[in-house]
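Student: sequence and predicted structure below; questions after.
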Amino acid sequence: MKLLVVASPLGPLGSGAGGGVELTLANLVVGLLQRGHGLTVLAAEGSVLPPDAAAADLWTCPGTPQASLQHQPREAPITIAADGLLPRLWRRVLAEGPAAGFDAVLNLSADWLPFWLTPTAPLPIFHLVSMGSVQAALDREIAELARWDQRRLAFHSRSQAADFDLPAAPVVVGNGFDLQAYRFCPQSEPLLGWVGRVAPEKGLEDAAAVAASLGLPLAVWGLREDPAYAAAVEASVPAGTLQWRGFLPTAELQAQLGPCRALLNTPKWNEAYGNVVVEALACGVPVVAYRRGGPGELVQPGITGELVEPDDRDALAEAVGRVERIERAACRRWVEQHASRAVLAERLEAWLQAGLEPQ
Ligand code: UDP
């Protein structure tokens, strides 16, 4: 197939502004290239694709990034800046897509506009939905699209899909990672890890409190999306508890993450998947998470980590005390079997091909 992949309008690929969608895009592009498909990526100006995606074409557009939906009230109206990146990306899809001969467009942006225009677009648009429910107007559009042809929708996890009003069972594709990019680290150090955008929906304050109660340092990797929130979390625990390591490229992130005794994953929202959970497992780091959203489906309690009741910090601390019994090699094995890039590409290919069949 000849495919056009449209990135999130939150910022350039490689900046971290798009959160997990940036890594998802890189992995699915390489996975589909390896299966012999032709790929073009349409993304914000300033985007960079990883070296192993060099065979993909990159189209870019200027424009003001879209504000992230999860930081707006649920009932907020749709807002798009006058020189917005979102409409510019989709203008280009509609104007140039048909003549370029794409078999399908794969949208990775969880924004109202591409869902709304799908039924009348001059080429088939598919959506890999990257978030659970965050905005009423988007929920309604997704439900409407599902009623029109649900084959155009896929989700990362069952819990994520359950947020939406769907007439049929959802297509769930999980996610896929380049195992070679993560080195297995057999030994751990007395250090806890936390990875994610530093923003309230990610619940860093709970991981910080648990690290403080256990007297262990917590290394934090990720974009400081909300500096006031980051400062408040820092002030809530004894000095020295948090080690801010910044937003790092995957190669450095995995090298620093590998020696952690456990990754704490403490989302306050219905996390659609939780890339960082699988990245930690790929390094051999067990994950202690809330039983909520994607992480609640990914972590196998007693085998690759522990799951505790959402928002229960005491249970989280107690579970961290039990991670020594987790075999680090079992964590890596789980990723190899369930979340490789090849597995994702096969699932995506099957989904797209089924959706292109006449109804
Ligand atoms: N990430 C990274 N470097 C860092 C910290 C995070 O590349 O130093 C990436 C990480 O690999 C993951 C993404 O940030 O792909 C966070 O994605 P996740 O699915 O956990 O959450 P989201 O931000 O999409 O809500």
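Tutor: Right, received. Where do you want to start?
Student: can you list the residues of this structure near the ligand?
Tutor: Listed as neighbours of the ligand in the chain under the rule C-beta under 6 Å from any ligand atom: 19-21, 23, 195-197, 221-222, 247-248, 250, 253, 273-276, 279. Every residue, glycine included, has its C-beta placed from N, CA and C.
Student: rerun at 8 Å
Tutor: Residues of the chain lying close to the ligand by C-beta under 8 Å from any ligand atom are 16, 18-24, 130-131, 195-197, 201-202, 221-223, 245-250, 252-253, 271-277, 279, 294.
Student: buried among these? Make that a ChimeraX selection.
Tutor: In ChimeraX, this line selects whichever of the residues of the chain next to the ligand come out buried by 16 or more other C-beta atoms under 10 Å:
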select :16,18,19,20,21,22,23,24,130,131,195,196,197,201,202,221,222,223,245,247,248,250,253,271,272,273,274,275,276,277,279,294
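Student: in strands only, show me the residues of the chain next to the ligand.
Tutor: Among the residues of the chain next to the ligand, the ones falling in strands (DSSP state E) are V195, W221, R245, G246.
Student: hey, which strand is longest across the chain?
Tutor: strand 38-44.
Student: neighbouring strands - and their directions - for whichever helix or strand comes after that one?
Tutor: Next helix or strand after strand 38-44 toward the C-terminus (DSSP states H and E): strand 57-61. Note on strand 57-61: by DSSP bridges, its sheet partners are strand 38-44 (parallel).
Student: for the strand it pairs with, what is the average pLDDT?
Tutor: Taken as a whole, strand 38-44 has a mean pLDDT of 98.
Student: how many neighbours does F155 have?
Tutor: F155 is flanked by 27 other residues according to other C-beta atoms under 10 Å.
Student: ok, now which ones touch the residue lying closest to it once chain neighbours are set aside?
Tutor: Nearest-residue entry for F155: A161, 3.9 Å, with adjacent residues in sequence omitted and distances by C-beta to C-beta, 6 or more residues apart in numbering. Each residue near A161 by C-beta atoms under 8 Å, 6 or more residues apart in numbering is listed here: V129, F155, P170, V172.
Student: just grab the bridge partners of the residue lying closest to the first one once chain neighbours are set aside for me.
Tutor: Closest residue to V129 in three dimensions, ignoring its sequence neighbours and counting by C-beta to C-beta, 6+ apart: F155, at 5.3 Å. According to DSSP bridges, V129, V172 are recorded as the beta-bridge partners of F155.
Student: now F155: how far from L69?
Tutor: In this structure, F155 and L69 are 16 Å apart, going by C-beta to C-beta, to the nearest Å.
Student: cool, A212 as well?
Tutor: 32 Å.
Student: what of A162?
Tutor: 18 Å.
Student: of those two, which one has the most company?
Tutor: Each of A162 and L69 has its neighbours counted (other C-beta under 10 Å); L69 has more, 19 against 14.
Student: OK, contacts around G222?
Tutor: So G222 contacts G16, W194, V195, G196, R197, V198, K202, F247 (C-beta under 8 Å, 6+ apart).
Student: find the residue closest to A209 in space, skipping its chain neighbours.
Tutor: What sits nearest to A209 in space, not counting adjacent residues and going by C-beta to C-beta, 6+ apart, is R313, at 5.4 Å.
Student: that neighbour against V210, yeah?
Tutor: Yes: between R313 and V210 a contact is recorded at 5.6 Å, counting by C-beta atoms under 8 Å.
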